[in-house]
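# build the 3D model from these lines:
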Amino acid sequence: MAKREVLLQSIAVVIFAVICFVFFRFACSADLFRKEQVDDLFTMSTFLSYLNKPAWFVCYAGNALISIVGLSGAPVLVTFVLLLEWWILISVLKRFRVGEMAPLYAFLPIVLEWGTYCHPGYLLHSILSTIVALFIFWRYTYIKNKWLSMLAGLLALPVIYFLAGNRLNIFVLLVLFYETCKEPKRWLYWCLLLVAGSIVPVWMGHFYSLTQEQAYLYPHNGLPAFFPPILFCFSLLLLQMKRFREMPCRVVPVTVMTCVLLALLGSVIYTYADF
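This next block holds a predicted model:
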């Protein structure tokens with residue numbers, strides 16, 4: 001990793017962490033985090049109730065983490081979770097051979113997550129579900145055998161749905177983009193992945209007694225929850241252009257990208273914040 005990239009990444013982490021914490025600590029009321037609280041969470045009956053729906057892992061983890069840190073510690077928790085997602089996004093971008101600007105590019109979906117979390121209906125489990133899908137994809141990219149990667153890609157779909165709900169869209173899109181760059185003639189695998197990604201939510205939703213609409217959305221509240229990961233997927237299309245993918249870490253590109261991120265963050269907060 002180049003020294004300029006390390007410096008950019010270090011500065012970005014510090015600035016983001018400070019601004020994010022200050023925002024959620026002082027600009028938002030504690031009511032924003034009460035949406036995550038659940039009574040009697042740490043009982044066996046409550047835990048088993050989470051297993052009755054898909055995405056049990058991220059739903060329980062989101063509620064449990066908020067309960068552990070309390071309302072006063074929630075700003076730190078949200079900041080940490082967003083930084084964790086940012087770090088995984090950088091790791092994913094590096095698998096697509098994105099250069100020195102990867103730390104700033106990775107903030108595009110993060111500022112959307114930040115702003116959308118200000119909405120009362122957007123919960124921590126939506127961010128955690130994206131992290132699970134991204135992490136599984138990141139590990140998938142290290143599989144070198146094409147037949148093993150095909151098997152792993154197809155088996156990952158029910159696993160993701162079981163743990164994180166319908167974040168299959170981001171996983172499928174990322175796999176398609178990655179395999180297109182790596183080996184552009186795996187048509188059969190692409191078709192199988194697209195078909196399986198469409199069928200798995202309905203098939204598994206049947207076991208959880210979900211309607212078709214619920215199966216495709218669960219556990220997210222509405223379409224806005226899908227915007228951050230989808231934005232990241234389609235930003236990868238732009239990064240296929242060499243001038244963006246290999247853009248050097250210079251003053252002008254960093255300044256322009258920072259302005260874009262701040263403008264995006266401000267517009268999303270203005271749209272979704274309810275305080």
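# use CA for all of it now, contacts and neighbours both
Fine.
# any idea of the mean pLDDT for the helix or strand harbouring Thr180?
For Thr180, the host element (DSSP states H and E) is helix 168-182. Here helix 168-182 scores 89 as its mean pLDDT.
# in that helix, which residues are buried?
Using 16 or more other CA atoms under 10 Å as the test for burial, helix 168-182 gives 168-179.
# likewise stretch 133-152?
Buried-residue list, stretch 133-152, by 16+ other CA under 10 Å: 133-138, 140-141, 149-150.
# where in the stretch 101-250 of the chain is pLDDT low?
223 (pLDDT under 70).
# go with 90
The stretch 101-250 of the chain contains residues with pLDDT under 90 at 101-102, 118-123, 146, 166-169, 177, 179-188, 190, 205-250.
# list just the nearest of the buried residues of stretch 133-152 to Arg4.
Trp138 (24.2 Å; CA to CA).
# can I get the helix holding Thr180 as CSV, trimmed to CA atoms?
C-alpha atoms of helix 168-182 as CSV (Å, rounded to 0.1, in the frame of the first residue of the first chain):
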residue,chain,number,x,y,z
LEU,A,168,-28.7,-11.5,-2.1
ASN,A,169,-28.9,-8.7,-4.7
ILE,A,170,-25.6,-7.1,-3.7
PHE,A,171,-23.9,-10.5,-3.5
VAL,A,172,-25.2,-11.6,-6.9
LEU,A,173,-24.2,-8.3,-8.6
LEU,A,174,-20.8,-8.3,-7.0
VAL,A,175,-20.1,-11.9,-8.2
LEU,A,176,-21.3,-11.0,-11.7
PHE,A,177,-19.0,-8.0,-11.9
TYR,A,178,-16.1,-9.9,-10.4
GLU,A,179,-16.5,-12.9,-12.7
THR,A,180,-17.0,-10.7,-15.7
CYS,A,181,-13.6,-9.1,-15.1
LYS,A,182,-11.9,-12.4,-14.2
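# need the longest helix for the protein.
As assigned by DSSP state H, the longest helix anywhere in the chain is helix 56-95.
# pLDDT on it, on average?
For helix 56-95, mean pLDDT is 94.
# and that helix, what does it pack against?
Here helix 56-95 touches helix 3-22, helix 31-34, helix 44-50, helix 102-105, helix 107-117, helix 124-140, helix 146-164, going by 3 or more CA pairs under 8 Å, 6 or more residues apart in numbering; DSSP states H and E.
# out of the buried residues of helix 168-182, which comes closest to Ile110?
Nearest to Ile110 among the buried residues of helix 168-182, counting by CA to CA, is Ile170 at 14.7 Å.
# surely that closest one meets Ile230?
Yes: counting by CA atoms under 8 Å, Ile170 does reach Ile230; the two are 6.4 Å apart.
# tally of neighbours for Phe234?
As a burial measure, Phe234 scores 14 neighbours (other CA atoms under 10 Å).
# can you tell me the centre-most residue of this protein?
For the chain, the residue nearest the mean C-alpha position is Thr130 (2.9 Å; CA atoms, centre = their mean).
# nearest spatial neighbour of it, skipping sequence neighbours?
Distance criterion CA to CA, 6 or more residues apart in numbering; nearest residue to Thr130, sequence neighbours excluded, is Arg167 at 6.5 Å.
# check contacts around that neighbour.
129-130, 133, 160-161 (CA atoms under 8 Å, 6 or more residues apart in numbering).
# hmm, back to that, okay, angle between the helix holding Thr180 and helix 146-164 too, please.
On the basis of axes from the mean of the first three to the mean of the last three CA atoms, to 10 degrees, helix 168-182 is oriented at 160 degrees to helix 146-164.
# and for the helix or strand just after helix 168-182, what's in contact with it?
Using DSSP H and E, the helix or strand that follows helix 168-182 in sequence is helix 187-207. Applying CA under 8 Å, 6+ apart, the contact partners of helix 187-207 are 54, 150, 153-154, 157-158, 161, 166, 168-169, 172, 176, 211-212, 214-216.
# selecting buried members of those in ChimeraX, what would you type?
The buried residues among those can be selected in ChimeraX (16+ other CA under 10 Å) with this line:
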select :54,150,153,154,157,158,161,166,168,169,172,176,214,215,216
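# closest one to Ser67 among the helices and strands packed on helix 56-95?
Across the helices and strands packed on helix 56-95, Ser67 has its closest neighbour in helix 31-34 (9.6 Å, CA to CA).
# output that closest one as PDB, restricted to C-alpha atoms.
Extracted in PDB, the C-alpha atoms of helix 31-34 (Å, rounded to 0.1, in the frame of the first residue of the first chain):
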ATOM      1  CA  ASP A  31     -35.100   8.700  20.500                       C
ATOM      2  CA  LEU A  32     -33.400   7.800  17.300                       C
ATOM      3  CA  PHE A  33     -31.800   4.800  19.000                       C
ATOM      4  CA  ARG A  34     -34.800   3.700  21.000                       C
END
